[in-house]
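Q: sequence isn't available, so here's the structure alone:
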DNA sequence: TACGCGTGGAG
DNA sequence: TCTCCAAGCGT
């Protein structure tokens, strides 16, 4: 006979196995009354959306060192925040991060609201992030449902309905299991379990505190859960980018519009990206094609970029973009696809 | 509901 | 090289 999953068993496991993370107040310190800074919890949760812990760590350190409070961040220049986010991906998060910081600074007195509805109303804060900040920062009664929780619940209940249709079902399971107290520790415990034990591939069921309650373990189906609806395969698009260097070393760059792909980020001027891109030099010059191509894969398409370079005289004015002084330009400020084009051009 | 939206690492 | 995927959100 299978046991019923007990939240206490998971909390006991978490007390001994919690990962040490830069943004986390561990279970022992939390028991001693230490409370996490809601700003840091929120910042980390935004960064962690669809992004690995390993990728987030260095960005988190840079942001918290440069902007220690939400009011500091609210006062930052847009271009500085976008540059600091460059390489982390999903740039709408950075734009909403700034919007949110400014709303908190101006409408909430620089203090994150300890209220689930108020959190949910903030830019870039959806159901998951509101629950995570509410539980972790304030121990509010909230259930986090992220990819980890979906996986754990689908296995615990041997739920074969494919995602995303299964989401409401799995959410119901997760809510039914959430304890009344220690909601912050519990939220982090389920996610740690999913990240370290109940992993997508080769789950370590032998170490799982909920093994005796797990329907998938009993049925031997854990490796095939959660079920997902098949994704479409990615088409390939072509494009041309133009790297113009002025004789004084300045680079010709353009700020991309706030909406859409790479919105708000710096980039090289170029053609549209499609099946047969048309030449679109941003300034009159003798353009030379760089050997090879820059390849990059986005969420929903592959891109192959032809890279053109030219040296232009001081007086010549660009039709598109603006020259950025050499001292003010760092390739690290570019989104990865644009940095790849830069790397290719520089050899 | 379905799609657009990045990137780097694992296998 | 290729597929999957990692603490989702906005539209």
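A: Here it is on my side, so go on. In this text the structure is predicted, and so the values were computed from the model without any measurement.

Q: and for the residue of the stretch 151-300 of chain A found nearest DNA strand B, the neighbour number?
A: Across the stretch 151-300 of chain A, the shortest distance to DNA strand B (CB to the nearest atom of the strand) belongs to residue A:299, at 3.4 Å. Heads up, the C-betas are built off the backbone N, CA and C, glycines and all. Neighbours of residue A:299 under the rule other CB atoms under 10 Å: 9.

Q: would it count as being in a strand?
A: No - assignment of residue A:299 by DSSP: H, G, I helix; E, B strand; the rest coil gives coil, placing it outside any strand.

Q: for it, give me its contacts.
A: By CB atoms under 8 Å, 6 or more residues apart in numbering, no residues touch residue A:299.

Q: distance of it relative to residue A:231?
A: 10 Å (CB to CB, to the nearest Å).

Q: go on, residue A:285?
A: 42 Å.

Q: so which of those two has more stuff around it?
A: Shown here are residue A:285 and residue A:231; by other CB under 10 Å, residue A:285 has more neighbours (19 against 7).

Q: ok, the more buried one - contacts?
A: If you count contacts by CB under 8 Å, 6+ apart, then residue A:285 has A:244, A:310-312, A:316 around it.

Q: and it, that's in a strand?
A: No - Residue A:285 is assigned coil when assessed by three-state DSSP, not a strand.

Q: tell me where chain A has helices.
A: Remark: helices assigned in chain A by DSSP state H are A:7-17, A:27-31, A:38-47, A:53-66, A:70-74, A:78-85, A:92-107, A:116-120, A:127-138, A:147-156, A:167-177, A:183-196, A:215-219, A:336-346.

Q: mind checking which of the ones you listed is nearest residue A:204?
A: Between residue A:204 and those, the tightest spacing by CB to CB is seen for helix A:183-196, at 7.7 Å.

Q: could you confirm whether that closest one reaches DNA strand C?
A: Yes - applying CB under 7 Å from any atom of the strand, one finds helix A:183-196 touching DNA strand C at A:188, A:191-192, A:194-195.

Q: Serialize those residues to JSON lines and add fields for neighbour count, pLDDT and distance to residue A:96.
A: Shown next, in JSON lines, are the residues of helix A:183-196 next to DNA strand C (neighbours: other CB atoms under 10 Å; pLDDT from 0 to 100; distance: CB to CB, whole Å):
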{"residue": "A:188", "neighbour count": "24", "pLDDT": "98", "distance to residue A:96": "23"}
{"residue": "A:191", "neighbour count": "20", "pLDDT": "97", "distance to residue A:96": "22"}
{"residue": "A:192", "neighbour count": "21", "pLDDT": "97", "distance to residue A:96": "26"}
{"residue": "A:194", "neighbour count": "21", "pLDDT": "97", "distance to residue A:96": "25"}
{"residue": "A:195", "neighbour count": "16", "pLDDT": "96", "distance to residue A:96": "25"}
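
Q: which residues of the stretch 101-250 of chain A lie near DNA strand C?
A: A:123-130, A:132, A:146-148, A:151, A:188, A:191-192, A:194-195, A:199-200, A:228, A:230-231, A:233.

Q: residue contacts, the closest residue to DNA strand C within the stretch 1-150 of chain A?
A: Closest to DNA strand C within the stretch 1-150 of chain A is residue A:126: 2.4 Å, counting by CB to the nearest atom of the strand. For residue A:126, the contacting residues are residue A:120, by CB under 8 Å, 6+ apart.

Q: noted, bye for now.
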